[in-house]
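>>> no letters, just coordinates:
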């Protein structure tokens with residue numbers, strides 16, 4: 001017997017957004033997303049000034065998922081495994097402290113990772129990792145630690161994907 005994931009209302013597909021790096025515009029974007037019932041993930045570097053200067057991050061990102069993006073946005077494929085582990089764990093720890101809940105996702109800074117990075121993320125207690133490589137497919141990922149999104153905001157097919 002096959003098991004198929006479904007979303008609220010019995011839907012077999014979902015639309016979600018993923019935004020990296022904590023921008024000043026995030027406050028307005030989250031307000032619009034919440035107004036229209038759009039869920040998304042905000043991938044944050046907790047040591048970045050754009051984030052640390054937000055006076056009320058818990059309020060700004062209310063209603064949305066928060067995910068790890070590396071403490072300092074390092075290229076994880078270019079640093080020692082110990083440094084990569086620190087980047088991930090410290091960022092997760094900081095975000096969980098600020099937002100008061102478990103943080104389970106990750107977005108690869110610069111889409112940079114190597115063969116060992118997915119296992120390292122699993123060891124750090126993360127459940128999935130997204131790249132920025134557009135797949136052009138509207139499917140669930142086959143590997144939750146090498147999740148390629150359908151498209152990015154510059155895609156000519158963006159609105160076609162949204163309709164699908």
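Everything's here; your move. Every value quoted in this text rests on a predicted model; they were computed, and no experiment measured them.

>>> and the helix or strand of the chain with the lowest mean pLDDT, what's buried?
When each helix and strand of the chain is scored by mean pLDDT, DSSP states H and E, helix 158-163 comes last, with a mean of 85. Going by neighbour count (16 or more other C-beta atoms under 10 Å), the buried part of helix 158-163 is residue 161. (C-beta placed from N, C-alpha, C; glycine too.)

>>> next one: the longest helix along the chain to chain centre, how far?
When the chain is parsed with DSSP state H, its longest helix is helix 81-99. A distance of 14 Å separates the centroid of the chain from that of helix 81-99, by C-alpha atoms, centre = their mean, to the nearest Å.

>>> sorry, back to before: show me the contact partners of the least confident helix or strand of the chain.
15, 138, 150-151, 155 (C-beta atoms under 8 Å, 6 or more residues apart in numbering).

>>> give me the neighbour count for the nearest residue to residue 13 once chain neighbours are set aside.
Excluding the flanking residues, the one nearest residue 13 by C-beta to C-beta, 6 or more residues apart in numbering is residue 138, at 6.3 Å. Residue 138: 14 surrounding residues under other C-beta atoms under 10 Å.

>>> residue 138 against residue 164, yeah?
Yes: with contact defined as C-beta atoms under 8 Å, residue 138 reaches residue 164; the gap is 5.5 Å.

>>> what is in contact with those two at once?
Counting by C-beta under 8 Å, 6+ apart, the residues touching both residue 138 and residue 164 are residue 13.

>>> in contact with residue 100, which residues?
Residue 100 sits next to residue 58 when contact means C-beta under 8 Å, 6+ apart.

>>> state the phi and psi torsions of it.
Backbone torsions for residue 100, taken as degrees, to the nearest 10, come to phi 70, psi 30.

>>> where are the low-confidence patches of the chain?
Within the chain, the stretches with pLDDT under 70 are 1-3, 5.

>>> may I see the ChimeraX selection of the buried members of the contacts of helix 158-163?
Burial among the contacts of helix 158-163 is assessed by 16+ other C-beta under 10 Å; the matching ChimeraX selection reads:
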select :15,150,151
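
>>> run through who's touching the longest helix of the chain.
By C-beta under 8 Å, 6+ apart, helix 81-99 touches 44-47, 57-58, 61, 66, 68-72, 74, 76, 79, 102-103, 106, 116-117, 120-121, 123-126.

>>> again, 7 Å this time
If you take C-beta atoms under 7 Å, 6 or more residues apart in numbering as the criterion, helix 81-99 is touched by 44-46, 57-58, 66, 68-72, 74, 76, 102-103, 116-117, 120-121, 124.
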